[in-house]
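A.B. asks: pasting a predicted model and its sequence here:
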Amino acid sequence: MSTTTIRAEHVGSLLRPAELLAARAEHERGTLASERLRELEDSAAASAVKLQREAGIQVFTDGEVRRDDFMASVVETVGGLVPVAESSARPRRHRDADDAELAGEVASVAIGAPLYRRTPLSLTEARWLGANATGPYKITMASPTMVAGFWRPGVSDGVHPTRQDAVAALADIYRQDITDLIDAGVTWLQLDSLAYWADIDPDAARMRRVTDLEGHLSHIIDTDNSLIRAAREHRPGMTVAMHFCRGNMRSAWSAKGGYEPIAERLFAEVEVDRFLLEYDTERSGGFEPLRFVPPRKTVVLGLVSTKVPRLESVDTLRRRIDEASQYLPLEQLALSPQCGFASTSQGNLLTADDQRRKLELVAETARLVWG
């Protein structure tokens, strides 16, 4: 199956079973053996693949069930990070559907020693998926541009003098990880690249201490492209995607703003095959920026919310896809939820049944629209 004909996709993470969350807590307390935790993770991953297959999703993940959150490709696999009160890469403050501020539930870290490769968690995921996925599968990784938020004056500058130095160090680690993933059989890579927040949301720019927006945009585009090129040099024809959202923790969000300020450069210059774009609320703006997407690139419209249990209607989704097709041909569009169902291990505020219905809705709508 060509990736260009895959119309029903999801971003990556799925709700973790309660048994797995309890087991992980036991393991952290030292009362559960690592071997038993790995068995439960494999079982949860198998259930995730089964769910996707039965729902009609056309590209698989393991549900990211082995991760504490979507940043695990950095936080759980790279050495040199130390605990701090808060980092702008993983802000504790999010906002719920009523715009009320919430406290975060993920540990914050900063760079306190030279970054180094510790345990390539993604390689474990890739080997399992290669042996167990029943169709095309992808590996998701947080873009190294996000490590800029882990750089802190007085803590990090003694080892990596600037934020850009830290990003470059992590990108070097990622290139090694990507080579190993491809050698393990991976043909589809997805970067979760949220550093673009600063260029669409002034509040996010202040939080990340970004003042030179154009220079910041150039730096993160160049960094993401360096990984994309490294992947394709090692495996010509590699499918590479980029996911873009505005925060997703326990059904809350962090940033707002449409794609217009970055659309012309983002869509033209970032060398991915697929853009997975959040489009479930007015915070994401309109479809007009899609006019800048060049031929041969696919935009996966994140129209189905993972934040609320309410099920969208097929008619509403078809209408919104029609609206998007006014700016980008239908053959360059696909459909997905707007983000993962569990960007942090606690998951969003909906049930496993809600999750299943939303995945089925994505697949059903895709069949009706694209055949």
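C.D. replies: Sure, I can see it.
A.B. asks: where does the prediction get shaky in the stretch 1-150 of the chain?
C.D. replies: Residue ranges of the stretch 1-150 of the chain with pLDDT under 70: 1-2, 85-107.
A.B. asks: quick one: the strands in the stretch 251-371 of the chain?
C.D. replies: 274-278, 298-304, 333-337 (DSSP state E, counting those that start in this stretch).
A.B. asks: who does the helix or strand hosting residue 174 touch, helix- and strand-wise?
C.D. replies: Take DSSP states H and E as the rule and residue 174 turns out to sit in helix 163-183. Judged by 3 or more CB pairs under 8 Å, 6 or more residues apart in numbering; DSSP states H and E, helix 163-183 is in contact with strand 108-117, helix 121-132, strand 139-142, helix 213-234. In this view, the C-beta of every residue, glycine as well, is placed from N, C-alpha and C.
A.B. asks: quick one: which of the strands of the stretch 251-371 of the chain is nearest residue 160?
C.D. replies: strand 274-278 (29.7 Å; CB to CB).
A.B. asks: please state the offset of that closest one from the chain centre?
C.D. replies: Distance, stretch centre to chain centre, for strand 274-278: 10 Å (CA atoms, centre = their mean, to the nearest Å).
A.B. asks: average pLDDT across it?
C.D. replies: Mean pLDDT, computed over strand 274-278, is 98.
A.B. asks: got the contact list for it?
C.D. replies: Under the contact criterion CB atoms under 8 Å, 6 or more residues apart in numbering, strand 274-278 has outside partners 3, 9, 11, 190, 239-246, 259, 266-267, 284, 293, 297-302, 334, 336, 338-339.
A.B. asks: out of those, which are inside helices?
C.D. replies: 266, 267 (DSSP state H).
A.B. asks: select only the buried ones of the contacts of strand 274-278 in PyMOL?
C.D. replies: In PyMOL syntax, the buried subset of these is picked out as below (16 or more other CB atoms under 10 Å):
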select buried, resi 3+9+11+190+239+240+241+242+243+244+245+246+259+266+267+284+293+297+298+299+300+301+302+334+336+338+339
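A.B. asks: returning to what we had before: what about the helices and strands packed on helix 163-183, which gets the closest to residue 54?
C.D. replies: Here helix 121-132 is closest among the helices and strands packed on helix 163-183 (CB to CB), at 15.1 Å.
A.B. asks: quick one: work out the angle between the closest one and helix 163-183.
C.D. replies: 20 degrees (axes from the mean of the first three to the mean of the last three CA atoms, to 10 degrees).
A.B. asks: flag every buried residue along helix 121-132.
C.D. replies: 121, 122, 123, 124, 125, 126, 128, 129.
A.B. asks: which helices and strands does it pack with?
C.D. replies: So helix 121-132, by 3+ CB pairs under 8 Å, 6+ apart, packs with helix 34-55, helix 72-75, strand 139-142, helix 163-183.
A.B. asks: what's in contact with that helix?
C.D. replies: With CB under 8 Å, 6+ apart, helix 121-132 has contacts from 42, 45-46, 49, 60-62, 64, 66-67, 72-73, 76-77, 137, 139, 141, 177, 180-181, 184-186.
A.B. asks: relative to helix 34-55, how tilted is that helix?
C.D. replies: 60 degrees.
A.B. asks: how far out from the middle of the chain is helix 121-132?
C.D. replies: Worked out by CA atoms, centre = their mean, helix 121-132 lies 17 Å from the chain centre.
A.B. asks: just the CA trace of that helix, in CSV.
C.D. replies: Only the C-alpha atoms of helix 121-132 are listed here, as CSV (Å, rounded to 0.1, in the frame of the first residue of the first chain):
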residue,chain,number,x,y,z
LEU,A,121,13.6,3.2,23.6
SER,A,122,12.3,3.7,20.0
LEU,A,123,14.4,0.8,18.9
THR,A,124,12.6,-1.5,21.3
GLU,A,125,9.3,-0.3,19.9
ALA,A,126,10.5,-0.8,16.3
ARG,A,127,11.7,-4.3,16.8
TRP,A,128,8.4,-5.3,18.4
LEU,A,129,6.3,-3.6,15.7
GLY,A,130,8.4,-5.2,13.0
ALA,A,131,7.5,-8.6,14.4
ASN,A,132,3.9,-7.9,15.4
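A.B. asks: how about the helices and strands packed on helix 163-183, which one is nearest residue 362?
C.D. replies: strand 139-142 (17.0 Å).
A.B. asks: buried ones in the closest one?
C.D. replies: Here strand 139-142 shows 139, 140, 141, 142 as buried, counting by 16+ other CB under 10 Å.
A.B. asks: relative to residue 74, how far out is the first one?
C.D. replies: Separation of residue 139 from residue 74 (CB to CB, to the nearest Å) stands at 14 Å.
A.B. asks: for residue 28, grab the count of nearby residues.
C.D. replies: By the measure other CB atoms under 10 Å, the count of residues near residue 28 is 11.
A.B. asks: so it: helix, strand or coil?
C.D. replies: When classified by DSSP: H, G, I helix; E, B strand; the rest coil, residue 28 comes out as helix.
A.B. asks: burial measure for the closest residue to residue 47 other than its chain neighbours, as a count.
C.D. replies: Among residues not flanking residue 47 along the chain, residue 17 sits closest, at 7.1 Å (CB to CB, 6 or more residues apart in numbering). Residue 17 sits with 17 neighbouring residues when counted by other CB under 10 Å.
A.B. asks: centroid residue for the chain?
C.D. replies: residue 192 (3.5 Å; CA atoms, centre = their mean).
A.B. asks: measure that residue to residue 73 for me?
C.D. replies: Taking CB to CB, one finds residue 192 at 9 Å from residue 73.
A.B. asks: common neighbours of these two, please.
C.D. replies: Common neighbours of residue 192 and residue 73 (CB under 8 Å, 6+ apart) are 140, 141, 142.
A.B. asks: now residue 128: how far from residue 182?
C.D. replies: Distance from residue 128 to residue 182, by CB to CB: 16 Å.
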